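Enquirer: Give me a 3D structure for the following:
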Amino acid sequence: MANAQLFASFHGALMPNATATNEAGGLAYARSPEATLALYAATGCLNRTYYASAGEQLDQALALAAQCDAAFVARTAVYARKVAHMKDMPALLLATLSTRDGDLLTKAFPHVV
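Expert: As a prediction, the model looks like this:
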């Protein structure tokens, strides 16, 4: 076991300060829009959770997709479907692509639907 007195001066010294708050109100680290969209796409089911309603999750996913590059959105949709085995979120991401980049939609569609 580490000597608490010897290493006490390093406690938290190398950790960056939290820059945001999570949905529970606790300190958190802000992710980039791309990282947050990837997290939503791989884990989000657009259902009510303890901290967010389905509508809030939908609004957040749409806002994040609008902030990200269309090519990233397409790659995220394919990854979420093929690797994370999600269904709703990849389809939603394809729907956002339909208004942004038809060529990417055409390329990603067979891999998602």
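Enquirer: drop to CA atoms for contacts and neighbour counts, all remaining ones
Expert: Noted.
Enquirer: What separation do you get for the closest residue to Leu46 other than its chain neighbours and Gln60?
Expert: Nearest in space to Leu46, with sequence neighbours left out and distances taken as Cα to Cα, 6 or more residues apart in numbering, is Ala54 at 5.0 Å. Ala54 sits 10 Å away from Gln60, going by Cα to Cα, to the nearest Å.
Enquirer: Now His85: phi and psi?
Expert: When quoted as degrees, to the nearest 10, the phi and psi of His85 stand at phi 60, psi 30.
Enquirer: mind checking how far it is from Ser98?
Expert: For His85 relative to Ser98 (Cα to Cα), the value is 22 Å.
Enquirer: The helix or strand Leu92 falls within: how far from the chain's middle?
Expert: Secondary structure from DSSP states H and E places Leu92 in helix 88-98. In terms of Cα atoms, centre = their mean, to the nearest Å, the centre of helix 88-98 is set 14 Å apart from its chain centre.
Enquirer: same question, stretch 27-38
Expert: Put simply, stretch 27-38 sits 7 Å off its chain's centre (Cα atoms, centre = their mean).
Enquirer: First-to-last residue distance for it?
Expert: 21 Å.
Enquirer: Check stretch 90-105 too.
Expert: OK, stretch 90-105 end separation, Cα to Cα: 11 Å.
Enquirer: Same question for that stretch: list its buried residues.
Expert: For stretch 90-105, the neighbour count (16 or more other Cα atoms under 10 Å) marks 90-94, 96-97, 104-105 as buried.
Enquirer: Brilliant, that's me finished.
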